[in-house]
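Participant: Next input, structure requested:
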Amino acid sequence: MVTQSVLQALLSGCSAGGLASILHCDSFRDFLPESAKVKCLSDAGYFINVKDITGTEHIKTFYNDVVTTHCFFPQYMAQGVDTQLFILNAAYDTWQIRNILVYGNADPQGTWKACKLDINQCSAAQLEIIQGYRMDFLNALNGLGNLSSRGLFINSCFVHCQSEIQETWFAADSPMLNKTRIATAVADWFYDRRSIIKIDCPYPCDSTCHNNVSPDEVSEG
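Facilitator: Next up, the predicted model:
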């Protein structure tokens, strides 16, 4: 039971939970009193609809059996979210690169294996494709609509989810944009202290990144 004593609420999640934070943001707002400050934070949940390296619409086909595609990808539906929304995402999100851009069946010879696990191992040609993916991701942010009620922290790290552990959220060596850590950026946005629209320069410019070189997230299919 929600009482009138609830004054502030933040719906957040990482990965699939970050996507859910976007999809259910307004519904969450409706559960709470009108007087409450309610906002939503999506960490690594801004999945985009692009073709893989072979030109196949793999991710669109994959999710088409789950829901109607254009109501699933944030780039198509986030503009309709009325509640204030913050997007925290790496432009080189490891899950998206490994499962959307270079889906397992798109690389039968395994030529992308080392690159998918560690961006530092990418060839010049592979890195050019990944830089193109970054541009596709940034273009997809146009789906957020008017940014006056949005927050953005898009860094150039090779990682998936940055709000769940202290090392990337708010530690002495946490990732920063313009000398601002993620936790500080989210707090400033939530408490209306300042507008937060931060987009990083391309890899490898950001020396504050905690890049993920673990194979744990790879999902071959």
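Participant: tell me the secondary structure for residue 212?
Facilitator: Reducing the assignment to helix, strand or coil with DSSP: H, G, I helix; E, B strand; the rest coil, the entry for residue 212 is coil.
Participant: check contacts around it.
Facilitator: Under the criterion of C-beta atoms under 8 Å, 6 or more residues apart in numbering, the neighbours of residue 212 are 94, 158, 159, 160. Glycine gets a C-beta too; all of them are placed from N, C-alpha and C.
Participant: Mind checking which of those residues land in helices?
Facilitator: Among these, DSSP state H puts residue 94 in helices.
Participant: Which one of the contacts of residue 212 is nearest to residue 192?
Facilitator: Among the contacts of residue 212, residue 159 lies closest to residue 192 (C-beta to C-beta), at 28.0 Å.
Participant: pull the CA atoms of the helix or strand of the chain with the lowest mean pLDDT into PDB?
Facilitator: Of all the helices and strands that make up the chain, helix 58-64 has the lowest average by mean pLDDT, DSSP states H and E, namely a mean of 83. Extracted in PDB, the C-alpha atoms of helix 58-64 (Å, rounded to 0.1, in the frame of the first residue of the first chain):
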ATOM      1  CA  HIS A  58      18.600 -10.400 -36.400                       C
ATOM      2  CA  ILE A  59      17.600  -8.500 -33.200                       C
ATOM      3  CA  LYS A  60      14.300  -7.300 -34.800                       C
ATOM      4  CA  THR A  61      13.400 -10.900 -35.800                       C
ATOM      5  CA  PHE A  62      14.500 -12.200 -32.400                       C
ATOM      6  CA  TYR A  63      12.200  -9.900 -30.400                       C
ATOM      7  CA  ASN A  64       9.400  -9.900 -32.900                       C
END
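Participant: Enumerate residues external to that helix that contact any of its residues.
Facilitator: Residues from elsewhere that reach helix 58-64, judged by C-beta under 8 Å, 6+ apart: 47, 49-52, 69, 72-73, 99-100, 103, 105-106.
Participant: which outside residues touch the longest helix seen in the chain?
Facilitator: Longest helix in the chain, counting residues (DSSP H): helix 124-140. With C-beta under 8 Å, 6+ apart as the test, helix 124-140 has contacts from 46, 48-50, 53, 74-75, 89, 91-93, 96-97, 101, 112, 115, 119, 122, 154, 156, 199, 202-203.
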